[in-house]
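Peer 1: Here's my sequence, what's the structure:
(chains A and B)
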Amino acid sequence: MAIEVRIPTILRSHTGGAKVVEGSGDTLNDLLTDLDARHPGLRGRLVTAEGGLHRFVNVYVNDEDVRFLGALDTKLSDGDTVTILPAVAGG
Amino acid sequence: MSDVLSIGRSIIEAIVEHARRDHPDEACGVVAGPAGSDRPTRLIPMQNAARSMTFYEFDSKEYLRVWREMDDRDEEPVVIYHSHTATEAYPSRTDISFAGWPQAHYLLVSTRDPQRAEIRSFRIVDGEVTEEPVRLLESDSVEATVDPHAVQSYMFGQSPASVDYECPAAS
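Peer 2: Got it, this is the predicted structure:
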């Protein structure tokens, strides 16, 4: 099973500069754990200590924001593309 | 990384017009430019999904669409802008905590004074804010996205009356 994961600039320090990495997992949670094994520290930038998605990132599976799909429990299929973007917000 | 924001006057005027139009809600958007050029050329006003007078957030779906489009066009976000409607044009603690594009210029517009917009630009890298001057260019080759209000409003009082645009469809 291969999931393409697109990494934003600020997180590329965890992927050796790579813009795209590959991983696998039945859920987003599993995928992030899988990625973290090869790219240490990446999961920690996306998941809080309480086990939820960070407020500072948007994660998409194909065209959908995972907040509307199931957050970390979002189911993944072979060939899906996961895109990570830092949230653009402020006050 | 340069220490100045060079940007077309017409783009700044369109950004101010956008901020005034959405006042008292905060307005936000992007100015894209060719990857690696540090030249902001294509203005993309974005929705403020928060629709708040004190908070802004890019609409999640629009954000992905615009970023994919920039990627397809070999562009990057050169400027990320938003407005403050009651406070100064300086990044708030929230602005700093969310600044996730270290190569972008963070442009703040304050519309607290209806007569005079304050416009300031900053770099925000690893939580550190550095102000930089804004250098207005009298560029005659400026792209604008199809936001009819922005285009029409800055056309008023323009001299000469016709402005040469690079049409996105033609590029």
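Peer 1: who's the closest residue to A:Asp73 other than its chain neighbours bridged to?
Peer 2: Of all residues not flanking A:Asp73 in the chain, A:Thr27 sits nearest, at 5.6 Å (Cβ to Cβ, 6 or more residues apart in numbering or on different chains). For the C-beta atoms, the positions are set from N, CA and C on the backbone; glycine is no exception. Beta-bridge partners recorded for A:Thr27 (DSSP bridges): A:Lys75.
Peer 1: A:Thr27: how many residues sit nearby?
Peer 2: For A:Thr27, the tally of surrounding residues (other Cβ atoms under 10 Å in any protein chain shown) stands at 15.
Peer 1: mind checking the SS state of the most centrally placed residue in chain B?
Peer 2: Of all residues in chain B, the one closest to the mean position by Cα atoms, centre = their mean is B:Tyr81, 4.0 Å from it. Three-state assignment for B:Tyr81 (DSSP: H, G, I helix; E, B strand; the rest coil): strand.
Peer 1: in the sheet, who's paired with it?
Peer 2: Beta bridges link B:Tyr81 to B:Gly29, B:Leu107 when assigned by DSSP bridges.
Peer 1: what residues are up against it?
Peer 2: By Cβ atoms under 8 Å, 6 or more residues apart in numbering or on different chains, B:Tyr81 lies in contact with B:15, B:27-31, B:106-109.
Peer 1: pLDDT score for residue 91?
Peer 2: All of this refers to chain A. Per-residue confidence (pLDDT) for A:Gly91: 92.
Peer 1: my bad, the chain I had in mind was chain B
Peer 2: You'll see B:Pro91 listed with a pLDDT of 98.
Peer 1: So in terms of bridging, what pairs with the nearest residue to B:Leu64 once chain neighbours are set aside?
Peer 2: Residue nearest to B:Leu64 in three dimensions, not counting chain neighbours: A:Tyr60, with 5.6 Å by Cβ to Cβ, 6+ apart. Under DSSP bridges, the beta-bridge partners of A:Tyr60 are A:Asp65, A:Thr83.
Peer 1: Who are the contact partners of A:Tyr60?
Peer 2: A:Tyr60 makes contact with A:66, A:82-85, B:60, B:64 under the criterion Cβ under 8 Å, 6+ apart.
Peer 1: Now do the SS call for B:His18.
Peer 2: Note that with three-state DSSP, the state of B:His18 is helix.
Peer 1: those strands in chain B, which residues are they?
Peer 2: Assigned by DSSP state E, chain B shows strands spanning B:5-8, B:28-34, B:42-46, B:56-57, B:75-84, B:105-110, B:118-125, B:128-132, B:134-137, B:143-144.
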